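Colleague: Here you go, sequence then predicted model.
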Amino acid sequence: MIILLDDLSGPEVASLIGEHLQSMTLHSPPESIHALNLEGLKKPDVTFWSAWEEDQLVGCGALKEIDDQHGEVKSMRTSTQHLRKGVAKGILTHIIEEAKRRGYQRLSLETGSMEAFEPARRLYESFGFQYCEPFSDYIEDPYSAFMKLEL
């Protein structure tokens with residue numbers, strides 16, 4: 001698997017982000033969906049990567065800069081055909097390494113609190129993320145779980 005900085009212009013990436021957003025609507029009420037669309041992912045404070053095996057898009061992830069000490073994991077998604085192959089682990093490792101390279105002291109994320117998000121929460125826990133209070137502009141929400149990793 002190779003992980004590439006991506007400008008979000010490819011149809012495969014657009015399709016995977018669309019799948020990601022659609023999945024969020026199946027499991028969360030609209031006011032509790034914090035996933036970024038393509039335009040949100042193209043903002044200057046967001047860095048987006050796609051992960052590939054040969055010519056197949058297998059996943060993606062992004063890092064949003066909150067400030068010069070704090071980043072947020074965004075848009076972690078594994079292509080449905082490549083689940084449970086270590087794609088998310090590889091992308092998360094890449095994001096954490098980039099956050100450390102930038103000198104961030106903390107990495108945070110928001111994910112769903114429902115059963116459908118249990119695999120994601122287990123992945124984050126396995127990397128040492130701990131549950132925390134809402135950060136940045138987030139507010140307390142029964143459909144959200146907030147996590148942080150001190151770097």
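Modeller: Structure's in. What do you need? As the structure is a prediction and not an experimental result, all values here were calculated from the model. Numbers count the residues shown, from 1 in each chain.
Colleague: which of the residues in the top strand by length along the chain are buried?
Modeller: For the chain, the longest strand by residue count, based on DSSP state E, is strand 56-67. Applying a neighbour-count criterion of 16 or more other C-beta atoms under 10 Å, one finds 57-66 buried in strand 56-67. The C-beta positions use only the backbone N, C-alpha and C, and glycine is treated the same way.
Colleague: The chain: strands as residue ranges?
Modeller: Going by DSSP E, the chain shows strands at 2-5, 46-53, 56-67, 70-78, 106-112, 130-131, 144-150.
Colleague: mind checking which of these is nearest residue 25?
Modeller: Residue 25 lies closest, by C-beta to C-beta, to one member of the strands of the chain: strand 106-112, at 11.6 Å.
Colleague: other SSEs contacting that closest one?
Modeller: In terms of contacts (3 or more C-beta pairs under 8 Å, 6 or more residues apart in numbering; DSSP states H and E), strand 106-112 is packed against strand 70-78, helix 87-101, helix 118-126, strand 144-150.
Colleague: which secondary element of the chain has the worst mean pLDDT?
Modeller: The helix or strand of the chain with the lowest confidence, counting by mean pLDDT, DSSP states H and E, is helix 11-27 at a mean of 92.
Colleague: What helices and strands are in contact with that one?
Modeller: By 3+ C-beta pairs under 8 Å, 6+ apart, helix 11-27 packs against helix 38-41, strand 46-53, strand 56-67, strand 70-78.
Colleague: what's the angle from it to strand 46-53?
Modeller: Here helix 11-27 points in a direction 110 degrees away from that of strand 46-53 (axes from the mean of the first three to the mean of the last three C-alpha atoms, to 10 degrees).
Colleague: which outside residues touch helix 11-27?
Modeller: For helix 11-27, contacts defined as C-beta atoms under 8 Å, 6 or more residues apart in numbering pick out 6, 8, 33, 35, 37-38, 41, 50, 57, 59-60, 75, 77, 79-80, 112, 114, 116-117.
Colleague: Having no further points to raise, I will conclude here.
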